[in-house]
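# everything below, folded, please.
(2 chains)
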There are 2 protein chains.
Amino acid sequence: MNKKTIRIVPLGGLGEVGKNMMVYEYEGEILIVDAGLMFPDSDMLGVDYIIPDFDYVLSRRDQVRGIVITHGHEDHIGALHHVLAEVQAPIYATPLTRGLLEVKLARNGALAKADLHTVQAGETAQIGPFQVEFFHVCHSIPDSIGLGIQTPAGLVVHTGDYKFDHTPVDNWPTDFAKLAEFSQRGVLALLADSTNAERAGWTPSERVVDAALDQVFREAQGRIILASFASLVSRMQQVANAAQRYGRKMCFVGTSMVDNAKMARKLGYLDIPDNLLVTIDQALNLPEKQVVIMCTGSQGEPSSILGRLSTGRYRQFDIQSGDTVVLSSHPIPGNEENVYRTINRLFQRGANVLYEGIAAVHVSGHASQEEMKLMINLVRPKFFVPIHGELRQLKQHALLGTQLGIPTENIRVVENGQVIELSEAGLRLAERVPGGYVFVDGSGVGDVTPALMRERESLANDGVMFVHLVLDARSGRLLDAPEIVTRGFMLNADLEDLLEQARQRVEQAVDSANGSLEKDVEKAVRTFFYNELQRAPMIFVSASRV
Amino acid sequence: MNKKTIRIVPLGGLGEVGKNMMVYEYEGEILIVDAGLMFPDSDMLGVDYIIPDFDYVLSRRDQVRGIVITHGHEDHIGALHHVLAEVQAPIYATPLTRGLLEVKLARNGALAKADLHTVQAGETAQIGPFQVEFFHVCHSIPDSIGLGIQTPAGLVVHTGDYKFDHTPVDNWPTDFAKLAEFSQRGVLALLADSTNAERAGWTPSERVVDAALDQVFREAQGRIILASFASLVSRMQQVANAAQRYGRKMCFVGTSMVDNAKMARKLGYLDIPDNLLVTIDQALNLPEKQVVIMCTGSQGEPSSILGRLSTGRYRQFDIQSGDTVVLSSHPIPGNEENVYRTINRLFQRGANVLYEGIAAVHVSGHASQEEMKLMINLVRPKFFVPIHGELRQLKQHALLGTQLGIPTENIRVVENGQVIELSEAGLRLAERVPGGYVFVDGSGVGDVTPALMRERESLANDGVMFVHLVLDARSGRLLDAPEIVTRGFMLNADLEDLLEQARQRVEQAVDSANGSLEKDVEKAVRTFFYNELQRAPMIFVSASRV
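Numbering: from 1, shown residues only, chains lettered A, B, ... in the order given. Predicted structure coming up:
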């Protein structure tokens, strides 16, 4: 029996939906699969986005032999420029993924140093000790791949995000034959996408969106405004097809969407004739029934184009009665409030709004339970590790594996940072390495810590109060009335009387202080406001002694 | 033709899910239906809950002839003690609703002054100029009612929250006969619950939960811990029935759940034999297969019992491997993150977790589209006003009305504060009155304004920085180094160098100030930190001149 052991180090995506990043390692040589970002929960205050903690890679940066990106979504590419700032290694991606990467890296000033290699599904690349076979999978973006990784310990199948769509928009189904071939060769381990593990049945084909869009185009009496992700290239094609059928001109707005559409047309992933496209200025001058506008903002982001349209703050045009607005996406968990608020506001402005809840204008890009079972049965792995999902989804996926007869001891549900050692003999949990969140806020990476987050939460819930004292250095007496400034606590107009009383308490506390003056003053102020209002702002006392 | 006109003044629940409150008015005399609260969105920082703006009632407080509460959920009763602090009027409620009201009002010190009247479904009360007939409806809480309000203008049917459950847990279906009778008498207007207007088909019967619970009890090898709302009396009964079938003792934990269960048993709404119930201490000493614990926390509230169990901070016991935890509820929009985080944490602690997404352990208490159609066709109203829902849900409900043949001009979708004048001749939109949010924070009601909320949001996103200067009153020179204090901006350990540089900028700004010293200093600090970090904290500069 082959006793060689590889290490699998999940740095992101196991225990969460987002920031996918996986390390495969053999005798110190490393292959990285994906480097994505995650959007913050609503209580992660002031955080722009989150990237994996890739400390494990940093301390082995000379051992990275390559980075494979499975597809061009943010949760697979969004942290790449942070990785490239520290690690030099060739990057492998299919043409469309590479195109999306180039747009993204250029925006972050990281394109020049990126060593990009185009690969095609069906090809194989030798990356360090790993022979990586790229196979086509369907997902909500074209040109997605999974990986068959021939390692010294055996064959590992890493699905990436996938679904089994028999009628995808680009007519290129998931590569069943390759999966069956892997099975014949013998698969040591399967690492498979768990995002929809709670969803029974099959995920509908992207094709059902065609029928829904057809109805939208048939019935709309005015302009159609369709919002989606900037990377949803197949949705762009579907909208373009409907626009052609119904005699509407199409207009992309928003930098990322315009850039991606341009790149995808150039690479041949989008088949849109020149005469179908118009600029926004041309679109606004056409009769309303002859226009469809495609933009970003389907997650209700307030600063997106749809977000600004919903509040009347978009520079180029306003929503008007008769507009049909389509949100062609599923709210990412945590975005529901923003999405529904945006929908309500669009209704208030007179638009007819269509969205996933009431029309089939979006389908998931991830496999549901029956597809997960099919994947497991096609591949027949010896060991099974669910990836890409919150713990609840990984657990459900593991349960499916058990139901299909994989012995419980051959299935491992692990979260980020839990190193797995895998050989033909078995699958063993090794040490834990850092696998937490790295928050990106402004230009700062990682300097927003949980402690700072708690401080922000406390500020937000109760406000803050600063008390400054000017004291005579010798006598310790106040030289001036105490300065009390509050923010987020109460509006100052309501506070005047209370502040006057609080200043008196401060003066009393200064007069009677023994021990730490600042602490005594803080306690006096805290007690006073809690008694008056049952609120506990963060209080900070400082003193100048002159 | 009867030309008498009534006024319908929606103060809450139209344009949102929650804080339901409706005013019916004829010649100055007022009937109030419900007075509920709403839980804050995640960006309403530091707000405990939201109540309707009932300014309209306050300026007519002597004209209120009665308050009818349709059922005992927080979104129908939670603002009542705030109303009673200002308004004296008899309150009408069915026995269970009254029991829940008494528990709630007692907790808020408002029970003594509440003039409570028990009514039964089927009875009629004369409330000012309104003859109000209470009819039974099914909902996720027993003893819910809708209202047939005979007004001087005609008969108005106000459904309250309802569903058409043919096999409810208490075997008491919605009163079809009464609805048909209303129809025979002729219904001027229907005001009906829109919560599930986006959901096709029929809402499943509460009875399907029985089958799911049966499976849970059959398969659980250890303790069962079931979380739900404290007011979900029918779920308590279902759990008790399953406990009896499977030889487990039942234990309620948490004050509100214990109080409500006690009251419901006393009033005969819960049929649980004494020997089935044990205290938590007894429960923890029984063999694990002989216990089911029922508690609150199904919305993932961090301070609830389930929330504390998920983080290991519950005083009385810990989650252990082998526990089965059931979340028997649907996440209220905005709570998804907390709910799923709690589920993941419970899995991490070794529990098997069952929840709506993967088992039928909860059903909605609100009518779906086919039930809404049935309601409209049973009642055949002349005019139709969807209530209880966000704008998107009110719009969908209106669309159903149109599909059933109600003329578009007889349907009105309005939001809170839009007064409707209704007579046999027509339905007219009159003036707008205040209908916004009133935030409750600590003991403060209404003093958290949108401006203050924006201040808190800004604090939370970027932190705050206070700069204090001590100046010589005559020369204007600094007497001490500038004091700079930050919170929520960066951890102080990371800041030292930057703060030293910032202090130098402040000193330069003081030296070169012309015009407003404080503004010049603020600008210098803002520019410095933005250039260094691309972050813009709230900055406040004050000066003592001594």
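# how about the helices in the stretch 151-300 of chain A?
Using DSSP state H, counting those that start in this stretch, the helices of the stretch 151-300 of chain A run over residues A:176-185, A:207-219, A:233-245, A:255-266, A:280-285.
# most tightly packed of those?
Of all these, helix A:233-245 carries the top mean neighbour count, a mean of 22, counting by mean count of other C-beta atoms under 10 Å in any protein chain shown. The way it works is simple: take the backbone N, C-alpha and C, and place the C-beta from them, glycine included.
# helices or strands up against that helix?
On a contact count with 3 or more C-beta pairs under 8 Å, 6 or more residues apart in numbering or on different chains; DSSP states H and E, helix A:233-245 meets helix A:207-219, strand A:249-252, helix A:255-266, strand A:291-295.
# for A:R503, find the nearest of those.
helix A:255-266 (51.8 Å; C-beta to C-beta).
# name the helices or strands packed onto that closest one?
Applying 3+ C-beta pairs under 8 Å, 6+ apart, one finds that helix A:255-266 contacts helix A:95-107, helix A:233-245.
# so how far is it off the chain centroid?
For helix A:255-266, the separation from the chain centroid amounts to 20 Å (computed by C-alpha atoms, centre = their mean, to the nearest Å).
# state the mean pLDDT of it.
Averaging pLDDT along helix A:255-266 gives 93.
# what angle sits between it and helix A:233-245?
If you take axes from the mean of the first three to the mean of the last three C-alpha atoms, to 10 degrees, helix A:255-266 sits at 80 degrees to helix A:233-245.
# who's in contact with helix A:255-266?
Contact partners of helix A:255-266, identified using C-beta atoms under 8 Å, 6 or more residues apart in numbering or on different chains, comprise A:96, A:99-100, A:102-103, A:230-231, A:233, A:236, A:252, A:270, A:272, A:294-296.
# just want the angle from it to helix A:95-107.
If you take the same axes, to 10 degrees, helix A:255-266 sits at 140 degrees to helix A:95-107.
# restricting to C-alpha, output helix A:255-266 in PDB.
Only the C-alpha atoms of helix A:255-266 are listed here, as PDB (Å, rounded to 0.1, in the frame of the first residue of the first chain):
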ATOM      1  CA  THR A 255     -17.800  50.300 -14.400                       C
ATOM      2  CA  SER A 256     -17.400  46.700 -13.300                       C
ATOM      3  CA  MET A 257     -20.300  45.500 -15.400                       C
ATOM      4  CA  VAL A 258     -19.200  47.400 -18.500                       C
ATOM      5  CA  ASP A 259     -15.600  46.200 -18.100                       C
ATOM      6  CA  ASN A 260     -16.600  42.500 -17.600                       C
ATOM      7  CA  ALA A 261     -19.100  42.600 -20.600                       C
ATOM      8  CA  LYS A 262     -16.400  44.100 -22.800                       C
ATOM      9  CA  MET A 263     -13.800  41.500 -21.800                       C
ATOM     10  CA  ALA A 264     -16.300  38.600 -22.100                       C
ATOM     11  CA  ARG A 265     -17.400  39.800 -25.600                       C
ATOM     12  CA  LYS A 266     -13.700  40.100 -26.600                       C
END
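# hmm, back to that, list just the one of the helices and strands packed on helix A:255-266 that sits closest to B:T527.
Across these, B:T527 has its closest neighbour in helix A:95-107 (25.4 Å, C-beta to C-beta).
# quick one: is the closest one near chain B?
No. Figure legend: helix A:95-107 not in contact with chain B (C-beta under 8 Å from any C-beta of the partner chain); closest approach 15.4 Å.
# packing partners of the helix or strand just after that helix?
Counting by DSSP states H and E, the next helix or strand C-terminal to helix A:95-107 is strand A:116-118. Contact partners of strand A:116-118 among helices and strands, from 3+ C-beta pairs under 8 Å, 6+ apart: strand A:91-93, helix A:95-107.
# direction included, what does the helix or strand following strand A:116-118 pair up with?
Next helix or strand after strand A:116-118 toward the C-terminus (DSSP H and E): strand A:124-127. Each strand paired with strand A:124-127, and its direction, by DSSP bridges: strand A:130-137 (antiparallel).
# give me the contacts around the helix or strand of chain A with the lowest mean pLDDT.
Lowest on mean pLDDT, DSSP states H and E among the helices and strands of chain A sits strand A:444-445, with a mean of 76. Under the criterion C-beta under 8 Å, 6+ apart, residues A:I51, A:H82, A:V438, A:F439, B:M490, B:L533, B:R535 lie in contact with strand A:444-445.
# what is the burial count for the first one?
Using other C-beta atoms under 10 Å in any protein chain shown, A:I51 has 26 neighbouring residues.
# helix or strand right after the longest helix seen in chain A?
When chain A is parsed with DSSP state H, its longest helix is helix A:492-511. Following helix A:492-511 in sequence order, the next helix or strand is helix A:517-533 (DSSP H and E).
# domain assignment for chain A?
With domains defined by automatic domain parsing, chain A comprises A:6-201+A:364-442, A:207-355, A:450-545.
# pull up the distance across the first one, start to finish.
Between the start and the finish of domain A:6-201+A:364-442 there is a gap of 38 Å, counting by C-alpha to C-alpha, to the nearest Å.
# for the stretch 101-250 of chain A, what lies in contact range of chain B?
Contacts of the stretch 101-250 of chain A with chain B, taken as C-beta under 8 Å from any C-beta, map to A:E198.
# how about the residue of the stretch 101-250 of chain A found nearest chain B, what does it touch?
Nearest residue of the stretch 101-250 of chain A to chain B: A:E198, at 4.5 Å (C-beta to the nearest C-beta). Counting by C-beta under 8 Å, 6+ apart, A:E198 touches A:R392, A:Q393, A:Q396, B:G357, B:I358.
# before we move on, the earlier item: in terms of secondary structure, what does the helix or strand just after the least confident helix or strand of chain A contact?
Later in the chain than strand A:444-445, the nearest helix or strand by DSSP H and E is helix A:450-462. In terms of contacts (3+ C-beta pairs under 8 Å, 6+ apart), helix A:450-462 is packed against strand A:538-545, helix B:450-462.
# and of the ones you listed, who's closest to A:I127?
Across these, closest to A:I127 is helix B:450-462 (C-beta to C-beta), at 41.1 Å.
# what sits up against the closest one?
Here helix B:450-462 makes contact (C-beta under 8 Å, 6+ apart) with A:45-46, A:456-457, A:459-461, A:463-464, A:487-488, A:490-491, B:43-47, B:439, B:488-489, B:535-538.
# now for the nearest residue to A:V506 once chain neighbours are set aside, how many residues are close by?
If the residues on either side of it in the chain are set aside, A:V506 comes closest to A:P482, at 4.3 Å by C-beta to C-beta, 6 or more residues apart in numbering or on different chains. A count of nearby residues for A:P482, using other C-beta under 10 Å, gives 23.
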